[in-house]
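Colleague: What follows is a predicted structure for the sequence shown.
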Amino acid sequence: MSAHDHDREEGLAFQPKFDASGLVTCVATDAANGDVLMVAHMNDEALRKTIATGEAWYFSRSRNALWRKGESSGQTQRVIEMRTDCDQDAIWIRVEQIGAACHTGRRSCFYRNVARDEHDTRLSFVDAERLFDPEKVYRK
């Protein structure tokens with residue numbers, strides 16, 4: 001292990017390790033009950049804004065744009081705690097979720113179970129109740 005890796009893994013300096021696209025993966029969980037709400041990406045600016053404001057900011061790969069969670073839907077995330085993993089290439093935020101985390105209107109983006117029977121792998125809905133209608137909120 002190089003001195004730099006040792007510092008990143010054992011030191012107290014925050015040194016996020018962004019990927020080749022300049023992004024770090026972020027997992028958001030509900031601070032109250034631990035439910036996984038969503039996985040998204042942050043670039044340096046999103047990470048800095050999240051730390052500075054206490055609100056979750058992300059970088060949309062599909063839109064190639066920075067966005068504050070809830071800016072168009074009102075479904076915001078207030079950051080309660082932020083952690084980084086051992087090599088600082090992933091971020092975990094524990095949030096107070098206001099409304100739904102998923103753009104589909106569901107509380108969590110993880111609303112389908114993956115199951116295998118003897119013939120196929122299938123999805124089934126779990127905890128899939130919609131908290132808002134995305135067609136109305138996003139005017140699709």
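Modeller: Okay, I see it.
Colleague: from here on, contacts and neighbour counts on C-alpha atoms
Modeller: OK.
Colleague: averaged over its residues, what pLDDT does the longest helix along the chain have?
Modeller: Secondary structure assigned by DSSP state H gives helix 44-53 as the longest helix of the chain. Across helix 44-53, pLDDT averages out at 98.
Colleague: Over to stretch 87-104?
Modeller: Mean predicted confidence for stretch 87-104 is 97.
Colleague: residues in contact with the following helix or strand past the longest helix of the chain?
Modeller: Next helix or strand after helix 44-53 toward the C-terminus (DSSP states H and E): strand 57-60. Contacts with strand 57-60, where a contact means Cα atoms under 8 Å, 6 or more residues apart in numbering, come from 23, 40-43, 46-47, 49-50, 65-69.
Colleague: Paired strands for strand 57-60, with orientation please.
Modeller: With DSSP bridges as the test, strand 57-60 is paired with strand 65-68 (antiparallel).
Colleague: Next, the buried residues of the longest helix of the chain.
Modeller: Buried residues in helix 44-53, counting neighbours by 16 or more other Cα atoms under 10 Å, are found at Asp44, Ala46, Leu47, Lys49, Thr50.
Colleague: quick revisit: and the contacts of strand 57-60, which are buried?
Modeller: 23, 40-43, 46-47, 49-50, 66-69.
Colleague: what's the closest of the residues you listed to Arg107?
Modeller: Using Cα to Cα, Lys69 is the member of the buried ones among the contacts of strand 57-60 that sits closest to Arg107, with 13.5 Å.
Colleague: residue contacts, the closest one?
Modeller: Contacts of Lys69 (Cα under 8 Å, 6+ apart): Glu55, Ala56, Trp57, Tyr58, Gln75, Thr76, Gln77.
Colleague: Pull the most distant pair out of those.
Modeller: Tyr58 and Gln75 (13.8 Å).
Colleague: export the buried residues of helix 44-53 to a markdown table and tack on distance to Arg122?
Modeller: Shown next, in a markdown table, are the buried residues of helix 44-53 (distance: Cα to Cα, whole Å):
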| residue | distance to Arg122 |
| --- | --- |
| Asp44 | 37 |
| Ala46 | 35 |
| Leu47 | 36 |
| Lys49 | 39 |
| Thr50 | 36 |
